[in-house]
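Chemist: I would like the atomic coordinates for the input below:
(2 chains)
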Amino acid sequence: MSAAGADRKAPQLRSLMPWLVLAFLVWLVGYPLLVVAAEAFGIGSPGGGGPTTEAFRSFFTRADEWNAMWRTLWISVLSTLAAAAIGVPLGFLFERNEIPGRRLLGALVALPVALPPLVGVIAFLFLYGESGLAARGLQSLGLDVSWRLTGAWAILLVHAYSMYVYFYLFTRAGLSGQDGAAIEAAQSLGASRSQILFRVTLPRLRPALAGATLLTFMTSLGSFSAPYIFGGGFRVMTTQIVASKLNGELRMAYVETTMLALLAFASLLLLRKIDPGLDLASGARGTPPARRRLHSRGTRVAAAAGGWVLAGVLLLPHATLILMSLVPPNTWTVEAFPPVLGLVNYGDLLSSAERLRPALNSIWMAAAATLAAVVVGVMAARLSLRRGGLPGRALEAMMTLPWAIPGTVFALALAAAMSVNAPWVGRFVLVGTLWILPLAYLVRSLPLTGRSIFAGLRQLDPRLEEAAASLGAGSLRTVLQIVLPLLRPAVIAGAGLAFITMMGDFVTSIVLYTYDTRPISIEIQSSLRIQETGIAAAYGVLLMVLSAAAFIAWDDRAGGRL
Amino acid sequence: MIASGVSVRFDDVFKAFDDTVVLAGVSLTVEPGEIFALLGPSGSGKTTMLRLLAGFEQLDRGRLLIADEAVEHLPPARRGVGMLFQSYALFPHLSAAENVAFGLKVRGGGQGEAEARVAEMLDLVRLSGFEERRIAELSGGQQQRVALARALAPRPRVLLLDEPLSNLDPALREETRADLRRTVKQTGITTVLVTHEQEEAFELGERIGLLNEGGLEQVGGPAELYRDPASRFVATFVGRCSVLAGVVKERHGGDELTVRLASQPGAPAWRCRGSGELAVNDRVDVCVRPESVSLETAEGPGLSGEIEAERFTGSNSFYTVRLAAGPTVEVAMPGAAAGLRGACVVRQLGGELPSAFAAAPESGP
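Modeler: Predicted structure coming up:
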């Protein structure tokens, strides 16, 4: 047979493929973390000098370093508690009660999650800052109020506002998956309402609450925008790392990075323990209990009014951002409310090439990273799920890893690994070039596309791929004509989320951007610095609209549960 | 359109998953143009044989030959094997015609040629006019036929059918079975079918291989398997039978024996068939088909017992008789003889002799 040689070669390449993709992921995801840890010990750094623990010693002896670590921890704990305190009751309210306008209100309540962190933070600044809309409003009423939105409380406020949505969504999903018959069974056995809540409903909600706790805690551990804008002298680990780097204390920045990475790993391992690991859908799948009707007219009106007030409060930051984007430069001085509104800022943004540049940068870098993350995600998912084995498990772990690691850590790790030209150990000078930000975005996109593509492929009957193969289709054709079309919803959901997250990225960009590649978030920050609030707000609105669109699309894909 | 079929050979094929041996050295030759059914309980290794042949699994040892050419190192795409999957595995995002055309497009070739072939295939499975239908818009039976057309379209050398009827309503199954046999026979393609249902294997398969625990128990035509089972497993898996313990009293010419049934003192001796290895005084298990015995409620010679249950099917009444010594035997009587009860005697009928096998070590006398 003429093709016999090719036939023998093909299986070799086939069995090598998982290892090749794994090697790429290890180089991209795991290796920079090792480099940064090594350099913290003075190993492999360009400056020379032997291994030393000097930087670690000073980390453990300097109070400001310890404080940053401690603050990161308690801010994260308090943020999680606050988010749970708001999100869980709201979840019960909207899932278990039939209140007027439930569907629309229920969706509005989830909106804060659609705000990129930096945009949420500046919206808060415009609304509740010392010269924000709220302060001016109160002062115009003759009240002599003044406050400063800084420090721990400001950070907590922003965290609680943006992260309760995790608890809210998880609670609702968990409740809607519960079988109403279990509650009826408890009732028929004579249980009271509170007994049912504590002994039937809440225990079964535990996986959902564990998931929300993990997500909230890890997000808050890596939170950068809020501490950066509002923290002032109150430093947490992420802002401490960036400050050390800007001050030129590189080795200290690497030590801090290593410590934050360890803290993240430890938290992840610990928080996994609270998850009972039960599938929410386990057991017989019944219908959720009927929603409680509010019988008296008075309660209904009160519930509706309360709901709308709540929605109003939650939407105020969004509205403020839009309002601020409509205020032309230098037209608002002492008035309570901006006297002139117009589209000048948007015109500015669109007419000047220099102004448009950050938007274009963000778009191409986020698009390139997303595309690459989809390609890597599909390859990794197929190799992992269809071949299995050790490389299969390692591939999935590598795809998920960046989720657990704060963005600041990855930014520093890439900055450390890719600032040295040593191709023989896999290090190239990419810092300062066009490629470093898209590469960093790629790392951070991997868990977002990966999660969704892995889940999609798990649901796809492997026989479809076998059918294509037995009909003569090669691997590439099978992927392009069978797998991708069928995975389209999963790919769109994952890619949408990745694209939007990277469009709004601030935390990695601030470490790795160059003037030529400055993205939207950096432009927002510098506009704020030179008091161009209108332009900053207009960029913010742009990101907000894009994010909301992606969120709505994502929610639809997620099954339209809400 | 009858193609000249090719042979398929499994040569000492060995396959294990982790530590579980699934095929322990199986050898089998499927003749050109034959419809061969692999029958066996779940976990017997029949689906693994099919998947090895298709190239979805790699064998650990042995050889696989299609048309006398080793294929075990070829990827699925290059084996020239068409497969009808149990779940059909139709591409849900493509229309019926696009599904059938998939394997043709992969191969290249002219557009017109492919279209003609798709039309020919849909005509073969009587689905002309359904070209543009989405898969979800087709009934289960129609989906099965599209899957068959898709598997046949690229003119494979061998057709594999994995439990082809198990996803259909029982009512539809009988009709589809005859249909499937007709279609496959019409193409003349060598076909290997996997099923766990004896009826399906008997009606579709020209020859049957009965698999048990990773090995072939017997290969032969349906009648051969039924009348002359090679082992107690074959006898009990193919058709209904009751197992009675006994002792060989006498050997006759050929494979005929006289066996004294151990069910009670002074029990009758029955004529049986058994392998030449059985000697006088060997303990045996006799597999009794319900139609090879009859019962009478009167006293008389035979195995005496008590009617325990009756299953009336219309044309027949099946009686479960508890014999005095403990075991039960099932007896088929004409439907007219329904409603019998009480004490009875069971007697051997002429015709097919029951098969006797060396007693399994654990079964007592």
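Chemist: chain neighbours aside, what residue packs nearest to B:A245?
Modeler: Distances taken as Cβ to Cβ, 6 or more residues apart in numbering or on different chains place B:A262 nearest to B:A245, at 4.8 Å, with adjacent residues excluded. Using the backbone N, CA and C atoms, a C-beta is placed for each residue, glycine as well.
Chemist: sorry, wrong one. I was asking about B:R173.
Modeler: Nearest residue to B:R173, sequence neighbours excluded (Cβ to Cβ, 6+ apart): B:L165, at 4.9 Å.
Chemist: looks to me like the one you found is in a helix.
Modeler: No: the assignment for B:L165, made by DSSP: H, G, I helix; E, B strand; the rest coil, is coil rather than a helix.
Chemist: which pLDDT does the model give the closest residue to chain B within the stretch 401-550 of chain A?
Modeler: Nearest residue of the stretch 401-550 of chain A to chain B: A:L471, at 3.4 Å (Cβ to the nearest Cβ). pLDDT, A:L471: 92.
Chemist: how near is the closest residue to chain A within chain B to A:S220?
Modeler: Chain B approaches chain A most closely through B:G103 (3.4 Å), counting by Cβ to the nearest Cβ. Distance from B:G103 to A:S220, counting by Cβ to Cβ, to the nearest Å: 53 Å.
Chemist: now do A:E95
Modeler: Taking Cβ to Cβ, one finds A:E95 at 25 Å from A:S220.
Chemist: contact partners for the residue nearest to A:G180 when sequence neighbours are not counted?
Modeler: Spatial nearest neighbour of A:G180, chain neighbours left out: A:P289 (3.4 Å); criterion: Cβ to Cβ, 6+ apart. When contacts are counted by Cβ atoms under 8 Å, 6 or more residues apart in numbering or on different chains, A:P289 touches A:96, A:178, A:180, A:183-184.
Chemist: wait, is A:P289 part of a helix?
Modeler: No: under three-state DSSP, A:P289 sits outside any helix and is assigned coil.
Chemist: and the pLDDT for it?
Modeler: 76.
Chemist: do the same with the one 4 residues further on
Modeler: pLDDT, the model's per-residue confidence, is 77 for A:R293.
Chemist: is the residue of chain B closest to chain A in contact with A:R477, as I believe?
Modeler: No: proximity of B:G103 to A:R477 does not meet the contact threshold set by Cβ atoms under 8 Å, at 11.1 Å.
Chemist: more neighbours: which of the two?
Modeler: B:G103 (25 against 18; other Cβ atoms under 10 Å in any protein chain shown).
Chemist: tell me the spacing between the residue nearest to B:A245 and A:T449.
Modeler: Using Cβ to Cβ, B:A262 is found at 71 Å from A:T449.
Chemist: looking at these two, which is more packed in?
Modeler: Just comparing B:A262 and A:T449: by other Cβ under 10 Å the higher neighbour count belongs to A:T449, 32 against 19.
Chemist: pretty sure the more buried one is touching A:V491, no?
Modeler: Yes: applying Cβ under 8 Å, one finds A:T449 in contact with A:V491, separated by 7.5 Å.
Chemist: pull up the overlap in contacts between those two.
Modeler: A:V374.
Chemist: number of nearby residues for A:V344?
Modeler: When neighbours are counted by other Cβ under 10 Å, A:V344 registers 18.
Chemist: how about the residues of the stretch 351-500 of chain A near chain B?
Modeler: Counting by Cβ under 8 Å from any Cβ of the partner chain, the stretch 351-500 of chain A comes close to chain B at A:461, A:463-464, A:466-474, A:477, A:481-482, A:485-486.
Chemist: how about B:F91, nearest residue that isn't a chain neighbour?
Modeler: Once flanking residues are discounted, B:F91 sits nearest to B:N99: 5.5 Å by Cβ to Cβ, 6+ apart.
Chemist: let me see the ranges of the strands in the stretch 351-500 of chain A.
Modeler: Applying DSSP state E, counting those that start in this stretch to the stretch 351-500 of chain A gives no strands.
Chemist: show me where it has its helices.
Modeler: Counting by DSSP state H, counting those that start in this stretch, the segments of the stretch 351-500 of chain A that form helices are A:353-382, A:389-404, A:407-417, A:436-459, A:462-470, A:475-478, A:484-503.
Chemist: now distance to A:G540 too, for those helices, in JSON lines please.
Modeler: Converted to JSON lines, these look like this (distance: least, Cβ to Cβ, whole Å):
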{"stretch": "helix A:353-382", "distance to A:G540": "12"}
{"stretch": "helix A:389-404", "distance to A:G540": "25"}
{"stretch": "helix A:407-417", "distance to A:G540": "19"}
{"stretch": "helix A:436-459", "distance to A:G540": "20"}
{"stretch": "helix A:462-470", "distance to A:G540": "44"}
{"stretch": "helix A:475-478", "distance to A:G540": "42"}
{"stretch": "helix A:484-503", "distance to A:G540": "12"}
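Chemist: buried deepest among these, which one?
Modeler: Counting by mean count of other Cβ atoms under 10 Å in any protein chain shown, helix A:407-417 has the highest mean neighbour count of the helices of the stretch 351-500 of chain A, with a mean of 27.
Chemist: quick check: mean pLDDT across that helix?
Modeler: Mean per-residue pLDDT for helix A:407-417: 92.
Chemist: same question for stretch A:542-549.
Modeler: 83.
Chemist: mind saving the C-alpha coords of it as CSV?
Modeler: C-alpha atoms of stretch A:542-549 as CSV (Å, rounded to 0.1, in the frame of the first residue of the first chain):
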residue,chain,number,x,y,z
LEU,A,542,-18.8,51.7,26.0
LEU,A,543,-17.5,48.9,28.1
MET,A,544,-20.7,48.7,30.1
VAL,A,545,-22.9,48.3,27.0
LEU,A,546,-20.6,45.6,25.5
SER,A,547,-20.5,43.7,28.8
ALA,A,548,-24.3,43.9,29.3
ALA,A,549,-24.8,42.6,25.8
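Chemist: sounds good, over and out.
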